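[1] Please find the sequence and the predicted model below.
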Amino acid sequence: MIAAVAQLPPESTQQALGYPALFLLVALGALVPVIPTGAIVSSAAVVAFHQTSPVSLLVVFLLAAGAAFVGDVALYWLGRRGVRSRNGSRWLEALRGRAAPDKLEQARSRLAEHRVSVLVLSRLVPAGRIPVMLACLLAEMPLRRFVRGNLPACLAWAATYQLIGVLGGSLFASPWQGVLAAIALTVVVGAVPSLWRRVRHS
């Protein structure tokens, strides 16, 4: 991976290959939450930061936010089909399997208290998106209302991880070093909430 980033192709080739890949990976990661989408966006932001055109950062931001939005809406739509069906659906069952009962209960109480605004925070907190989405599905939130809350959530998420990438890219002259720094920062950001919970309950 390091060697590939160290020998980056010309900007036009990067854009032709990298932009569609960025969109597809983030959208797929929203549907199948095993892809490290935050690290992907941060790494793309590092590469864009080291390019000569400042428009590259804007394109990465728009693609990342748009892909996350499309993936979230598609997953919510599939989940709603499961809620309405007597037999459920594999998508709804998959969401249930990824949401711990205690986190789901917290998400339902927060949703009842803060309504749609809780979606923004759920996108920024690691492992917070699925329980909140499942809580929205079980509360039978209309798709239109979910879309209104999810749009600013995806924008805030993309901006956060792009900022991590820009920070990593600004620390080093070589793009591959910035990518490694961005990935490390992403891992740290993802680990902090769980470490904090362990300290509180110890």
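    Nice, thanks for sending it over.
[2] got any ranges where this protein has weak pLDDT?
    Counting by pLDDT under 70, the chain has low-confidence residues at 1-17, 52, 84-89, 172-179, 181-202.
[3] go with 80
    Counting by pLDDT under 80, the chain contains low-confidence residues at 1-18, 33, 51-54, 82-94, 97-99, 112-117, 126-127, 168-202.
[4] what residues are up against the nearest residue to Val26 once chain neighbours are set aside?
    The spatially closest residue to Val26, leaving aside those adjacent along the chain, is Ala67, at 3.7 Å (CB to CB, 6 or more residues apart in numbering). Backbone N, C-alpha and C define where each C-beta goes, glycine included. Under the criterion of CB atoms under 8 Å, 6 or more residues apart in numbering, the contact partners of Ala67 comprise Leu22, Phe23, Leu24, Leu25, Val26, Ala27, Ala30.
[5] Now, of the residues you listed, which are buried?
    The neighbour-count test (16 or more other CB atoms under 10 Å) applied to the contacts of Ala67 identifies Leu22, Phe23, Leu25, Val26, Ala27, Ala30 as buried.
[6] which element follows whichever strand or helix holds the third one toward the C-terminus?
    When you say that, I think you mean Leu25. Secondary-structure assignment from DSSP states H and E places Leu25 in helix 11-31. Next along the chain after helix 11-31, taking DSSP H and E as the criterion, comes helix 37-49.
[7] Can you give the distance from that next one to the centre of its chain?
    In terms of CA atoms, centre = their mean, to the nearest Å, the gap separating the centre of helix 37-49 from the centre of its chain is 12 Å.
[8] list the helices and strands that helix packs on?
    Contacting helix 37-49 under the criterion 3 or more CB pairs under 8 Å, 6 or more residues apart in numbering; DSSP states H and E are the following elements: helix 11-31, helix 55-84, helix 143-171, helix 175-201.
[9] returning to what we had before: please dump the buried ones among the contacts of Ala67 into TSV; it should also carry distance to Val166 for every row.
    Compiled in TSV, the buried ones among the contacts of Ala67 are given as follows (distance: CB to CB, whole Å):
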residue	distance to Val166
Leu22	15
Phe23	19
Leu25	19
Val26	17
Ala27	22
Ala30	22
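[10] Find the pair from the residues you listed with maximum spatial separation.
    Leu22 and Ala30 (12.8 Å; CB to CB).
[11] which outside residues touch stretch 18-34?
    Contacts to stretch 18-34, defined as CB under 8 Å, 6+ apart, come from residues 35-37, 40-41, 44, 47, 59-60, 63-64, 66-68, 70-72, 74-75, 98, 129-130.
[12] please redo it, this time with the cut-off set to 6 Å
    Outside stretch 18-34, the residues that touch it by CB atoms under 6 Å, 6 or more residues apart in numbering are Ile35, Thr37, Ile40, Ala44, Leu63, Ala64, Ala67, Ala68, Val70, Gly71, Asp72, Leu75.
[13] How about stretch 130-147?
    Residues lying outside stretch 130-147 but in contact with it, judged by CB under 6 Å, 6+ apart, are 76, 79, 83, 95, 98-99, 103-104, 107-108, 111, 118, 122.
[14] What's the end-to-end length of that stretch?
    Stretch 130-147 stretches 15 Å from its first residue to its last (CA to CA, to the nearest Å).
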